[in-house]
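**Student:** sequence-free structure coming up:
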């Protein structure tokens, strides 16, 4: 099945209400409005992706020297399991390669098996564990540090 083409846009303050709504639906510990406002810096890539006027997903990544840290990524529940997560990661990797970035890092909840599988399919490997890194409904859980060489 051919997927509708995503339209990439630079994030703008006018998109934040849609981004926050998606974030609150997608994340167990969602970023605050301030977190997203702080993402509008020169070092950050903050990309949003639409089909027509519907927000499909976004990512925020920090570029520093020859490294990139994927800080946040989400796909709207209506569009999950259709390859859009792969598309966003591939998009980020292309930007990183063009910017001579050598590696990308991220942290993911140990319980988020779906995301871990997505990252592994996109060339990320486990590099370590951050004990009690994420708050969850019953306390704390580990974060898995993952990386991909480009």
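**Tutor:** Here it is on my side, so go on. It should be emphasised that the depicted structure is a prediction, and the values quoted were computed from it without experimental measurement.
**Student:** remind me which residues of the chain are low pLDDT?
**Tutor:** Along the chain, the parts satisfying pLDDT under 70 run over 1-2.
**Student:** Spatially central residue in it, please.
**Tutor:** The residue lying closest to the centre of the chain (CA atoms, centre = their mean) is residue 73, at 1.9 Å.
**Student:** residues touching that one, list them.
**Tutor:** Taking CB atoms under 8 Å, 6 or more residues apart in numbering, we find residue 73 in contact with 57, 58, 59, 60, 85, 88, 89. To be clear about C-beta, it is placed using only N, CA and C from the backbone, and glycine gets the same treatment.
**Student:** what about it, helix or strand, and which?
**Tutor:** If you go by DSSP states H and E, residue 73 is part of strand 67-75.
**Student:** Over to residue 62?
**Tutor:** Assigning secondary structure by DSSP H and E places residue 62 in strand 54-64.
**Student:** chain center to that strand, what's the gap?
**Tutor:** Remark: strand 54-64 is offset 6 Å from the chain centroid, using CA atoms, centre = their mean, to the nearest Å.
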